[in-house]
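S.K.: Predicted structure and sequence below. I'll ask about it afterward.
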Amino acid sequence: MPDQSFELDIFRDLLEGATTIAQISKDEKAFTTLYNAFRIADARAFQSSLNQFGLFPRCRFICEWIRSKECIFLCLELCGPPKPIDKPDPRFLAEAIVKFTANPDLVTRLAAILDKRDRAAFGELVDKLQLGPYCHLFCHWVCTVRYRLMCRWVCTIDKIPVPNLVTELQSAGQALRQLLEYRGAFDQAVAASNAGDSEKLGAAIRGAHILNCHFICEWFCSWRCALVCTTFCIKLPIPVIDNQFHEAFQFAVATAHLSQNPTLLQQISQAVGAGDAAVYNRLLTELKLQPYCIQLCHWICGLRCFRFCRLVCPPIYNHPWFTHVGDFDILSDFDPTGLTNKAEAGHGGPNFGFFSNLSLRGFCPKYDPAHAGAQMAYRFLYQPAGAPNPTAIVGGPGGGLVSEVLVGSRYTLWNANPLTLQSVRIRGTGTTSPTPPVGPPGPTPPDHYIVPDPQGWVTVDINALDDGFNGWLMGFASDVAFPGGDPAPGVAAGTAVPSGNQKNGFNAAIIFQATRVSTITAVNGGAAPDYTNQLSLIHINNWNEVNLINLQEFIGPGSCSPLSTDLHILYTTDHELLANWFIDLVTAATITPAPTFPAGAGPRGAAATDFHNITTWPTCSYLVRLHTRRSLTTGLLDDSDKWNFVTFCIGKK
């Protein structure tokens with residue numbers, strides 16, 4: 001249930017809104033000019049009217065009031081009087097909206113219908129979607145989105161693009177689709193919304209990895225307001241309205257009177273929040289506001305939703321995220337096989353896998369944006385393909401699964417100065433450094449090391465610069481999780497590696513979790529963290545490539561004798577992600593014509609014998625090298641060229 005602070009914030013909004021509306025209810029002609037400017041979406045005329053009242057700084061309050069009123073007018077025109085629904089089903093409406101918004105032609109058609117206020121065409125669309133009993137619920141959602149965009153348009157001084165209702169409805173539909181498709185998230189969200197539990201609703205939305213949280217909260221608010229207000233007012237007759245502008249002005253006058261009755265205004269708001277029809281209607285009767293039953297309810301409910309959704313969807317700028325592996329964006333730089341799809345910052349490229357120490361990048365704030373003052377912690381886990389459960393990236397002997405990364409700087413006490421800067425690093429060995437630091441005297445303090453706890457959690461240091469850790473959050477020793485090393489092909493140079501001896505990498509997911517420090521124990525026990533996202537597939541290969549070279553002439557007796565006529569170079573290369581290989585020759589001699597040697601590119605390499613007639617080659621020493629390079633990156637550094645060699649000499653002719 002909403003707390004006292006929440007109710008106080010809403011009351012302030014309502015009282016300021018009612019007081020502001022009182023100032024535009026003194027002149028019906030000026031009011032009508034202002035209202036009509038909103039209706040026709042003339043931002044310049046709307047702002048000019050507000051400036052005549054001296055109220056542009058209060059644009060939000062006026063626009064919220066007008067848009068709630070205009071939605072009532074529009075939906076009564078398009079749907080007729082509201083009717084009760086037997087067992088209203090939010091999933092039914094959500095699925096219909098998802099289907100509707102997936103059809104661009106239908107959404108474009110709806111936008112035109114709203115502009116023309118075309119009741120017949122709207123009715124045809126509602127019938128096509130089989131939403132007859134849900135007409136007002138559907139209309140109110142569409143209207144809420146439409147006039148939210150309108151308020152942003154008319155209340156912004158700077159030039160911004162004209163709001164695109166079609167795109168906005170499609171984006172909202174996509175968010176609903178994601179919520180419906182994600183394992184029980186929709187049912188959890190319905191339960192949380194019905195209970196007015198912002199924390200649980202936010203958790204359900206975050207659990208479905210929905211970036212545009214406000215679309216979901218706005219939809220649930222629209223659903224609830226339409227149902228509650230219809231329930232409150234269904235038994236009251238809807239007055240015949242001959243002049244909508246005059247009726248809107250009369251409602252403005254009634255709203256102005258509420259500013260003189262703050263106690264009753266607060267009680268009406270609490271009745272709307274509690275869904276208490278008896279109290280709401282008793283107060284309306286006392287204030288003689290029955291003709292404005294549904295519009296007053298929608299205005300109050302809309303302002304309550306504004307505050308509620310701020311709790312459900314805290315500012316995205318402090319939202320914890322896992323964003324990159326090295327320089328590679330986990331959303332855009334990986335292909336469906338877990339390989340990179342392009343180069344970044346001059347390294348990697350299409351079809352690169354990962355190896356060695358991976359720097360996992362993202363952001364985690366000091367405090368939970370949804371719970372003021374609640375300190376945050378985070379961890380990373382990895383889950384090999386087919387594994388039933390993920391494994392936390394934790395420290396251990398030699399660092400364990402954690403490789404060292406610099407996460408930022410912080411203020412600390414050193415030489416009596418509490419604002420001395422100190423580097424902060426994550427590593428997997430030892431213990432977290434004490435605060436304040438201890439060490440030999442000097443101008444700068446020793447680095448501050450944070451060692452993840454046994455379950456992998458790193459608590460964000462409240463003394464860190466900025467609002468949290470932003471950058472490299474963890475180093476992942478992938479070669480500990482997915483060992484490689486010597487591929488031991490079991491063949492000699494010149495022979496291909498049998499398929500049964502070829503080594504391949506591993507597919508895995510990397511999972512990020514962030515949660516309040518107070519909830520770590522619950523998350524360790526299986527509860528959902530406050531925030532999570534993941535790289536669903538990354539391909540990791542820590543096997544060395546096969547790089548074998550020899551000379552046929554050196555096999556068997558006399559393998560160190562000078563050569564004079566024949567040179568047979570035996571070579572074998574192999575790796576799942578071999579970028580390229582080639583043979584070259586190093587010598588002080590000049591050979592005419594210059595010999596050419598084999599080279600290749602692509603996975604698995606090659607194996608063969610390369611013959612050269614060296615009868616005319618000068619007497620000298622020679623070094624034959626076999627170069628190989630893998631298509632692997634740490635995200636910051638690519639695999640380097642490596643070579644193996646064999647030497648020989650051509651003796652006296």
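M.R.: Yep, it's here. Numbering: from 1, shown residues only.

S.K.: Only alpha carbons, please: show the helix or strand of the chain with the lowest mean pLDDT as CSV.
M.R.: Lowest on mean pLDDT, DSSP states H and E among the helices and strands of the chain sits helix 198-207, with a mean of 88. What follows is helix 198-207, C-alpha atoms only, in CSV (Å, rounded to 0.1, in the frame of the first residue of the first chain):
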residue,chain,number,x,y,z
SER,A,198,5.3,-0.4,-6.8
GLU,A,199,8.2,-2.5,-5.7
LYS,A,200,6.8,-5.8,-6.9
LEU,A,201,5.5,-4.3,-10.1
GLY,A,202,8.9,-2.8,-10.8
ALA,A,203,10.5,-6.1,-10.1
ALA,A,204,8.2,-8.0,-12.5
ILE,A,205,9.0,-5.5,-15.2
ARG,A,206,12.7,-5.6,-14.6
GLY,A,207,12.6,-9.4,-14.5
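
S.K.: Between helix 198-207 and the following helix or strand past it, find me the angle.
M.R.: The element immediately downstream of helix 198-207 (helix or strand, assigned by DSSP states H and E) is helix 213-233. For helix 213-233 against helix 198-207, the angle between stretch directions is 140 degrees (axes from the mean of the first three to the mean of the last three C-alpha atoms, to 10 degrees).

S.K.: who does the helix or strand following helix 213-233 touch, helix- and strand-wise?
M.R.: Remark: after helix 213-233, the chain's next helix or strand is helix 244-258, criterion DSSP H and E. Other helices and strands packing on helix 244-258, by 3 or more C-beta pairs under 8 Å, 6 or more residues apart in numbering; DSSP states H and E, are helix 4-24, helix 28-39, helix 59-79, helix 262-274, helix 293-312. The C-beta positions use only the backbone N, C-alpha and C, and glycine is treated the same way.

S.K.: which one of those lies closest to residue 118?
M.R.: Proximity to residue 118 (C-beta to C-beta) singles out helix 59-79 among these, at 8.1 Å.

S.K.: Mind listing what's buried along the very next helix or strand once past that closest one?
M.R.: Sequence order places helix 90-101 as the next helix or strand after helix 59-79, per DSSP H and E. For helix 90-101, the buried set under the neighbour-count rule, 16 or more other C-beta atoms under 10 Å, comprises 90, 93, 94, 96, 97, 98, 100, 101.

S.K.: what distance separates the helix or strand just after helix 90-101 from the centre of its chain?
M.R.: As assigned by DSSP H and E, the chain's next helix or strand after helix 90-101 is helix 104-116. Its chain's average C-alpha position is 30 Å from that of helix 104-116, according to C-alpha atoms, centre = their mean, to the nearest Å.

S.K.: which other residues reach helix 104-116?
M.R.: Contacts with helix 104-116, where a contact means C-beta atoms under 8 Å, 6 or more residues apart in numbering, come from 74, 78, 100-101, 118, 121-122, 125, 128, 142-143, 146, 165-166, 169-170.

S.K.: Out of those, which end up buried?
M.R.: Looks like the contacts of helix 104-116 have 74, 78, 100-101, 121-122, 125, 142-143, 146, 165-166, 169-170 buried, using 16+ other C-beta under 10 Å.

S.K.: quick one: contacts for the residue most central in space within the chain?
M.R.: What sits nearest the mean C-alpha location of the chain, by C-alpha atoms, centre = their mean, is residue 211, with 5.1 Å. For residue 211, the contacting residues are residue 316, by C-beta under 8 Å, 6+ apart.

S.K.: switch the cut-off to 6 Å
M.R.: With contacts defined as C-beta atoms under 6 Å, 6 or more residues apart in numbering, residue 211 has no neighbours.

S.K.: Need the phi and psi values for it.
M.R.: The phi/psi pair for residue 211 (degrees, to the nearest 10) reads phi -70, psi -40.

S.K.: got a pLDDT number for it?
M.R.: Looking at residue 211, its pLDDT is 76.

S.K.: re earlier: closest to residue 274 out of the buried residues of helix 90-101?
M.R.: Each of the buried residues of helix 90-101 was checked against residue 274 using C-beta to C-beta; the closest is residue 90, at 19.6 Å.

S.K.: Could you report the distance from the closest one to residue 529?
M.R.: Using C-beta to C-beta, to the nearest Å, residue 90 is found at 26 Å from residue 529.

S.K.: now do residue 380
M.R.: Plainly put, residue 380 is 12 Å away from residue 529 if you go by C-beta to C-beta.

S.K.: One more: residue 470?
M.R.: Separation of residue 470 from residue 529 (C-beta to C-beta): 19 Å.

S.K.: Comparing these two, which shows the higher neighbour count?
M.R.: Using other C-beta atoms under 10 Å as the criterion, residue 470 and residue 529 rank with residue 529 on top: 22 against 18.

S.K.: does that one count as helix, strand or coil?
M.R.: What DSSP: H, G, I helix; E, B strand; the rest coil gives for residue 529 is coil.

S.K.: which intervals of this protein have sub-threshold pLDDT?
M.R.: Scanning the chain for pLDDT under 70 picks out 1-3, 158-160, 558-559, 653.

S.K.: 80 - rerun?
M.R.: Residue ranges of the chain with pLDDT under 80: 1-5, 157-162, 183, 209, 211, 238-239, 314-317, 370-372, 557-560, 652-653.

S.K.: domains for it, by residue range?
M.R.: Domain assignment of the chain by automatic domain parsing yields the ranges 4-312, 317-540, 546-650.

S.K.: Report the distance from the second one to the chain centre.
M.R.: Between the mean C-alpha point of domain 317-540 and the mean C-alpha point of its chain there is a distance of 18 Å (C-alpha atoms, centre = their mean).

S.K.: Check the longest one too.
M.R.: With C-alpha atoms, centre = their mean as the basis, domain 4-312 stands 27 Å off its chain's centre.
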